[in-house]
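Q: Sequence and predicted structure are below.
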Amino acid sequence: MAGRRLRRVLGHLAPHGASEEAEPPRQAGQEVGPWPAREEDDGTCGASEGYPMWESLVDLWSDRAAQQYLRAGCAVCPKHRVGNYAGLPGEAGFEKVFRYNTIAASGRPSPLTEAPPADGFSYEFGGRQRRPDDYLDEWDATALLIARDGRILSEHYRHERTADMRFTSWSMAKSVTSLLLGICIDRGLIASLDDTAETYVPEFRGTELGSCTLRNLSNMSSGVEVTHERDNPTIYPCAFWGPGSDIKRVVAGWQLRREPQGQTFNYTELCPITVGAVIREVTGGTMSELAEEALWGPLGAEAEASWCTDSTGSEYNCVNFSCRLRDWARLGRLIAQRGEMEGRRIVSEAWIDEITSWGESDGQVRHGTPPLPGGSALNDLSE
């Protein structure tokens, strides 16, 4: 019964002009094939083919293919993993395929001084001394930067990536969302973290996600019936890259509940995109506009950033905030310095305390708390 009800909900959420089994977009004269096979990995991550990337949504083919490309693309499409997710502005695959807003650089970049240790940077792990190259060799990352107190201790780029390229965030965008939420609370645009989403977004009144508090949404404890692996192939095309994608429509239309809110951690993109809708509503603009004015500028970011959006221009804020590696380091420094950068307060210490500690209302997300039975593997805090 629950499965049939869920299928009805998913069909209802299909983008306007599309059905649950909708055909993917096509270019003139181009046929779209079946679910693509796993690419052969020659061990070069696409170097042997010049780091290929997506050029259009046709490359995604269908909802079933999107499950691979958008959720497990690095494993299924190893030759695309570099070109798709890191590149010069407007030239990486994700920026060629997806809509995005831009966030202007600061007029006064905050200092980051190159200060590598005289004998090179090293660290201990697994009972032996290691160097950054050891990590890069083991994990085949595109880049790695290690900084502390405004000093760059180590900076490395691989696979023909360079310091002037943007690197997409995946779920680190959720941390950017958290900072913007704190700024809204600091400014009095949101009265309390314990207010519900529907308090601020009229379209969410009487809906399951709308009834959730911003605290429970931020803690991934909405209680709605959703599973990360199972439902992303519906959420992504309907709320992000599909024709007529609309975040508000997806949030308002997700009307199945598993349990009361605030009980169990259950990782899902629905929680942060609901919070993002609240942020846009209370500011009267996009999250990118708020980030530019209240975060990126005061932070002293050295370069423009981007954030992918749905068809309405609303940021799909659970993923795909993209910027230079040094600006990612500046964001990390902001948190380490408890919301302050170069003597300027950007987000309150009270908010930093809120997001880095557990209170009486956050027990379900304490380390070691049992995850949701039968839920996402991402819920397993022991891993």
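A: Right, received. Where do you want to start?
Q: Next, give phi and psi for the closest residue to residue 351 other than its chain neighbours.
A: Spatial nearest neighbour of residue 351, chain neighbours left out: residue 182 (3.4 Å); criterion: C-beta to C-beta, 6 or more residues apart in numbering. All C-beta atoms are positioned from the backbone trio N, CA, C, and that covers glycine. When quoted as degrees, to the nearest 10, the phi and psi of residue 182 stand at phi -60, psi -40.
Q: Likewise for residue 83?
A: phi -60, psi -30.
Q: Might you report the residue contacts of it?
A: Residue 83 makes contacts with 46, 51-53, 92-93, as judged by C-beta atoms under 8 Å, 6 or more residues apart in numbering.
Q: before we move on, what about residue 125?
A: For residue 125, the contact set (C-beta under 8 Å, 6+ apart) is empty.
Q: Got phi/psi on it?
A: Torsion angles, degrees, to the nearest 10, at residue 125: phi -150, psi 140.
Q: Kindly report the same for the one 3 residues further on.
A: Main-chain dihedrals, residue 128, degrees, to the nearest 10: phi -150, psi 160.
Q: and it, how many residues sit next to it?
A: Residue 128: 7 surrounding residues under other C-beta atoms under 10 Å.
Q: mind checking pLDDT for it?
A: Per-residue confidence (pLDDT) for residue 128: 95.
Q: residues in contact with stretch 183-196?
A: Here stretch 183-196 has contacts from 181, 200, 210-215, 218, 278-279, 282-283, 290, 294-295, 346-348, 350-351, 354, 361, using C-beta under 8 Å, 6+ apart.
Q: out of these, which are buried?
A: With neighbours counted using 16 or more other C-beta atoms under 10 Å, these contain these buried positions: 181, 200, 210-215, 218, 278-279, 282-283, 290, 294-295, 346-348, 351, 354.
Q: Please narrow the residues you listed to those residing in helices.
A: Within the buried ones among the contacts of stretch 183-196, residues falling in helices by DSSP state H are 181, 214-215, 218, 278-279, 282-283, 290, 351, 354.
Q: Mind putting those residues into TSV with pLDDT and distance to residue 141?
A: Shown next, in TSV, are these (pLDDT from 0 to 100; distance: C-beta to C-beta, whole Å):
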residue	pLDDT	distance to residue 141
181	98	29
214	98	34
215	98	34
218	98	28
278	99	34
279	98	31
282	98	37
283	98	35
290	98	30
351	98	30
354	96	31
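Q: How about the secondary structure of the residue nearest to the spatial centre of the chain?
A: Among the residues of the chain, the one closest to the centroid is residue 319, at 1.9 Å (C-alpha atoms, centre = their mean). Three-state call for residue 319 (DSSP: H, G, I helix; E, B strand; the rest coil): coil.
Q: quick one: it from residue 272, how far?
A: Distance from residue 319 to residue 272, counting by C-beta to C-beta, to the nearest Å: 9 Å.
Q: check contacts around residue 305.
A: Contacts of residue 305 by C-beta under 8 Å, 6+ apart are 102-103, 166, 291, 296, 321-323, 327.
Q: May I ask which of the contacts of residue 83 has the most neighbours?
A: Neighbour-wise, the contacts of residue 83 (other C-beta under 10 Å) top out at residue 92, 25 neighbours.
Q: I'd guessed that residue sits against residue 86; true?
A: Yes: counting by C-beta atoms under 8 Å, residue 86 is a contact partner of residue 92 at 5.9 Å.
Q: what residues do the two have in common as contacts?
A: Common neighbours of residue 92 and residue 86 (C-beta under 8 Å, 6+ apart) are 165-166, 168.
Q: I'd like to know which of those are part of strands.
A: 166, 168 (DSSP state E).
Q: Out of the shared contacts of residue 92 and residue 86, flag the one nearest to residue 302.
A: Checking the shared contacts of residue 92 and residue 86 against residue 302 with C-beta to C-beta, the nearest one is residue 166 at 11.8 Å.
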